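Colleague: Provided below for reference: sequence and predicted model.
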Amino acid sequence: METNHQLKRADFIFKNENDWEEVLKKNISRSSNELINELISSELKGRGGAGFPTGLKWKLSAEMDSDTKYVICNADEGEPGTFKDREILSLVPFKVLTAMAICGHVVGAKEGYIYLRGEYFFLKPELNKAISEFEQYCKEINLDFTIRIFMGSGAYICGEETALFESMEGKRGEPRNKPPYPALSGYMNKPTVINNVETLAHAYTIFTYGAKRFYDLGVQYSRGTKLFSVSGDTPKPGIYELELGMSLADFVNDFGDGDSKAVQVGGASGFLVPRKRFAETTIGYQGKLVGISLPTGGSMMLFNSSRSMFNVLDNYLEFFREESCGQCTPCRVGCQQLLKGIKAVKSGEKSTQYLDKLLTLAETMQFTAKCGLGQSVANSFSSIVENFREEMIY
Amino acid sequence: MGKNIKITINGEIVEINEGTSILDAARQVGVIIPTLCYHKDLCVAGNCRVCVVEIAGQKRLSPSCATPCEEGMDIFTNSVKVRNSRKHIIELLLSEHNADCTRCYKNGKCELQKLASDFKIMSNDFIPLVPFKNYTIDMFSPSIIKDDSKCIRCQRCVRTCAELQGVNALTVAYKGDKMKITTFFEKAMNDVVCTNCGQCVIHCPTGALVERNYIEEVWAAITDKAKHVIVQTAPAVRVALGEELGFESGTRITGKMVAALKRLGFDAVMDTDFTADLTIMEEGTELLSRLKRALVDHDPGVKLPMATSCSPGWIKYIEHIYPDYLGHLSTCKSPQQMFGALAKTYYAQARNLQPDNIVSVSIMPCTAKKFEANRPEMNDSGYRDVDYVLTTRELAIMIKQAGIDFMKLDDIHFDRLMGESTGAGVIFGATGGVMEAALRTAYELVTGREVPFKDLNILPVRGMEGVREASILIENPLKEWAFLDGVELKCAVAHGLVNAKKVMDSIISGEANYHFIEIMACPGGCLGGGGQPIPTSPEIRAKRAAAIYAEDEGMPIRKSHLNPEVLKIYKDFLIKPLGEKSHLLLHTKYTIRKSF
């Protein structure tokens, strides 16, 4: 197998956790503005998948005038094919806790929460131990910041930030209307910073080594490194930290089994890239001028020629049909129609042209669904149906 | 309010208050955006997505109900993208909906049907989803029928039950394709904490929640020559029935309604207002006797404040939620049930009829009245006091079925004996009305003078504020009421059960110290009842209320104790308020119910 020079491995996230006390102490002595500027200049973007600039998120919340604010770590890692946050919380929890406390210092929040995926209940005891030790140190340095774990109950939708707030407030996990955004009105309708586990871990890196070190990694619009959860038809599944901006062809060269026909980038809510587009696709945030640039929460699923793309899509749609909160029409009914629709085409009950109607439906879902879940169903649906139309029919 | 901002809607520049929703802004300039989950009475949900619009520069469409206008927004409500998306969404809803329209009770009144018609949805490409779900219709409640196969999950009922009523009988359960609106443990509607108020019914856009109708039963009774079918009409019906028959909201059609009922074939058409006046006599006397027991006898067992008992939704609510406070309820039956008990006794005797040949029907703005008439204890006459309860809507259906050209009817007066009413009886239909009627009579009985308000209009208890308070100082009472001298009678009025809860909690905490409270389960009182014409909105209810008060002002007699038929029934039959016969026929007991 050829090795490619463009695929740059990195090792920040899982290294050097031991100096967290020093990092915390050093950074809370800095001013809020200074820290925000550091974060902004690093160009760190949210690692949950949506890619909102983290520094700006903190800034917006810091500017809000409120006695009570919250910092929430989104650890409801539910995207199919993603398993990196679990690893971060298991191996380097203090990085996340430290970044949360620094965020609290920046925005003026005294309470932090970790919203932990229901299936990650086994992480809770160790994480609680880490929190106790962390809070003990906060007391020693007179930092008023507490962290509590809030257990989710297994609904995918609760990873959507506003559904997550609803869930924490004891209500049904349904996304809210936006605006208002969390920075203005989040948990308990108070200004809230909500960051993905990995985003906080990167913030730790930035506050440890400075923005420049981070900025120098990756490419324009997509700075720094990212954890990738590699799964599927690969000889080396696992979690890898890579610089952003890599070409998918390079990725497949390194991780594929020599027979890769497609890669699903970003989990069920992401895009399927067929072999013929590997070369023109890079992994990073949008804004790239040439070719396709795909943002991702880090899920990379490889499929070889033994896989039926119909089964893959069927599986994703089953997932969405069940995990839609059911609140808005396009998502609730749309997911059912897409799933029933591809089955009907496959069985011959509907003509092959029905796929085109389904593609326009997927587009409507993208335009009109209330939250990211319903909006992103079209990503996998359209990319699979368009690229593997014959597999949908025969 | 915020400052004015400029936005563009379909190319036209509009100046609008900052923070106004796109939907409202569009309506202000005559641009209609269709909606389904949106309702003026409720918080914005933004879940049906029918009202999406395009904002220049944004790839995704925005729900106009949930998106506030921002300076410089360039909005398109009818672009290709909007039209296509909207059509898709309506098609999706139809695919999930049991679109058996011609056989639906809401046929012609369904908001989804109207949208499908407006947008001419002719294709049915999407796969019908209804056959894949094992729907059963919940017909266990005497008041409300719930058919999930027609539900479009807009959650208007859920928001209604939570925000207006604080009852939460209906809630959302499960997720994804299994998501549904259901009850606690998915029990039947008659087996959960539901007050049968029917607010969910008047807020439901489709036929998923409808009243249980008794139209055929009533037709059968009318057709049966052996039966003497009498009908009573509640105060709020006469200011709303017109809406179903082509009149503007707030049109008073009392005389036409009586004429229509005659034409339908009822043997006697009488008025619940009569028993409303009677209620004032009984309830007013009960209040004064409670005050006497408290102030003179210092009886620790006396329960104050006394609460009105006209609203069956409120009665069931307090039975479920505050079972320890049932002693505060007036023991008076509601006017409907008083009427029913007298129909088969007083009326039967006077007309020389066999009570078992009488069928007693009532026309109510209410679905809870159906439950009330079915309460086991409501048979003090020895028969079922009220046999069938029809809502305002059901009456309108019968009028249409009978081919009556309602607009052309001449006014007719109610039949005698139990058909005379006063302005005080009429205002029972509006929130605060029972209180006002009671004060008009009680104050005068105690002091010998009219209430000290201009033209008898006790304005402090009127209006649409959720909870209103008023007090009247009693000075120089008649000798027998001397113990009330200097007493400031404190009253509170609440409508909508969420407001009832506020009043009850303030009483329980000791924060409030009332003598008399009026509580109506529905927003606006009976005029906004769950059996009234659909749609409802704050504006429509305000118009109906104005009509109620206009009807009151137009009445020659406006005080219950001067109703000649009330005087006559005490002389000929009941003897005196709270007398033996009253106790037997006009008063009742309450039932402790579980709170889950």
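Modeller: Nice, thanks for sending it over.
Colleague: interface residues of chain A facing chain B?
Modeller: Contact residues (C-beta under 8 Å from any C-beta of the partner chain) of chain A with chain B: A:155, A:157, A:172, A:174, A:177, A:179, A:320-330, A:332-337, A:340-341, A:344, A:354, A:357, A:360-361, A:364, A:366-370, A:375. For the C-beta atoms, the positions are set from N, CA and C on the backbone; glycine is no exception.
Colleague: report the buried members of those.
Modeller: Neighbour counting over those (16 or more other C-beta atoms under 10 Å in any protein chain shown) leaves A:155, A:157, A:172, A:174, A:177, A:320-330, A:332-337, A:340-341, A:344, A:354, A:357, A:361, A:364, A:366-370, A:375 as the buried ones.
Colleague: now, these that are in helices?
Modeller: Under the assignment DSSP state H, these contribute A:320-323, A:329-330, A:332-337, A:340-341, A:344, A:354, A:357, A:361, A:364, A:366-368, A:375 to helices.
Colleague: how about the stretch 151-300 of chain B: which residue is closest to chain A?
Modeller: B:Met179 (2.5 Å; C-beta to the nearest C-beta).
Colleague: longest single strand anywhere in chain A?
Modeller: The longest strand of chain A (DSSP state E) is strand A:225-232.
Colleague: quick one: that strand to chain centroid distance?
Modeller: 11 Å (C-alpha atoms, centre = their mean, to the nearest Å).
Colleague: buried residues of whichever helix or strand comes after that strand, list them for me.
Modeller: Next along the chain after strand A:225-232, taking DSSP states H and E as the criterion, comes strand A:238-243. Neighbour-count burial for strand A:238-243, counted by 16+ other C-beta under 10 Å, picks out A:239-243.
Colleague: now, among those, which is nearest to A:Ile114?
Modeller: Distances from A:Ile114 to the buried residues of strand A:238-243, taken as C-beta to C-beta, are shortest for A:Ile239 (19.4 Å).
Colleague: next, work out how far apart the closest one and B:Phe596 are.
Modeller: 47 Å (C-beta to C-beta, to the nearest Å).
Colleague: go on, B:Asn78?
Modeller: 48 Å.
Colleague: what residues are up against the closest residue to chain B within the stretch 151-300 of chain A?
Modeller: The minimum distance from the stretch 151-300 of chain A to chain B, using C-beta to the nearest C-beta, falls at A:Asn177 (3.9 Å). Contact partners of A:Asn177, counting by C-beta atoms under 8 Å, 6 or more residues apart in numbering or on different chains, are A:370, B:44, B:46, B:63, B:66-67.
Colleague: which ones among those lie within strands?
Modeller: Those of the contacts of A:Asn177 lying in strands (DSSP E): B:Pro63.
Colleague: possible to save the contacts of A:Asn177 as JSON lines with pLDDT and distance to B:Leu439?
Modeller: As requested, the contacts of A:Asn177 are arranged in JSON lines below (pLDDT from 0 to 100; distance: C-beta to C-beta, whole Å):
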{"residue": "A:Lys370", "pLDDT": "97", "distance to B:Leu439": "50"}
{"residue": "B:Val44", "pLDDT": "97", "distance to B:Leu439": "39"}
{"residue": "B:Gly46", "pLDDT": "96", "distance to B:Leu439": "44"}
{"residue": "B:Pro63", "pLDDT": "98", "distance to B:Leu439": "47"}
{"residue": "B:Ala66", "pLDDT": "97", "distance to B:Leu439": "44"}
{"residue": "B:Thr67", "pLDDT": "97", "distance to B:Leu439": "47"}
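Colleague: can you pull out the strands in the stretch 401-550 of chain B?
Modeller: B:467-473, B:488-495, B:516-520 (DSSP state E, counting those that start in this stretch).
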